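Novice: coordinates only, sequence not included:
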């Protein structure tokens with residue numbers, strides 16, 4: 001029994017290392033390809049997937065509900081998929097990317113974030129779903145900021161980010 005636990009722990013750690021390498025590679029590609037950003041995604045598709053997967057691994061057993069209770073999946077299938085729809089996952093990653101650009105340019109990104117939290121409350125999403133949204137947004141934002149930290153946000157990029165924030169449906173409370 002002890003050997004099986006060690007083997008499972010080894011497999012779990014290898015999977016986490018693999019995801020970490022994919023995330024670092026994606027960040028490298030992101031920084032190399034980033035000169036000016038467009039209306040499309042900021043992060044490469046592989047990096048977006050790696051961020052979502054990393055959040056999913058960290059979410060179960062680490063995230064907490066407002067009452068302090070640790071969030072646990074009810075079964076293995078639930079553990080392997082986000083508690084929100086794939087379309088909503090993509091929307092949250094999009095919002096996190098814009099928030100990351102805003103933070104990088106020293107702009108107010110919180111209004112962008114508040115827009116999605118208010119939308120989640122209006123849709124009556126569960127506390128578990130709202131916690132996942134929060135963790136996914138934060139991780140995406142931090143990934144963008146980390147990927148751009150070696151560069152300085154110039155006036156053109158700042159103006160583009162201001163315009164994106166202005167046009168974002170998440171910024172209108």
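Specialist: Good, I have the coordinates. No experiment lies behind these values; they were computed from the predicted model shown.

Novice: kindly list the single helix or strand of the protein that scores lowest on mean pLDDT.
Specialist: When the helices and strands of the chain are scored by mean pLDDT, DSSP states H and E, helix 2-33 comes last with a mean of 48.

Novice: show me what counts as buried in the very next helix or strand once past it.
Specialist: Downstream of helix 2-33, the first helix or strand assigned by DSSP states H and E is helix 45-59. Across helix 45-59, burial judged by 16 or more other Cβ atoms under 10 Å covers 47, 48, 49, 50, 51, 52, 53, 54, 55, 56, 57, 59. Heads up, the C-betas are built off the backbone N, CA and C, glycines and all.

Novice: any idea how far residue 77 is from residue 86?
Specialist: Using Cβ to Cβ, to the nearest Å, residue 77 is found at 15 Å from residue 86.

Novice: brain fart, residue 139
Specialist: From residue 139 to residue 86 the distance is 17 Å (Cβ to Cβ).

Novice: of those two, which one has the most company?
Specialist: Comparing residue 139 with residue 86 by other Cβ atoms under 10 Å, the one with more neighbours is residue 139, at 21 against 10.

Novice: residues contacting the more buried one?
Specialist: Contact analysis of residue 139 by Cβ atoms under 8 Å, 6 or more residues apart in numbering lists 51, 54, 55, 96.
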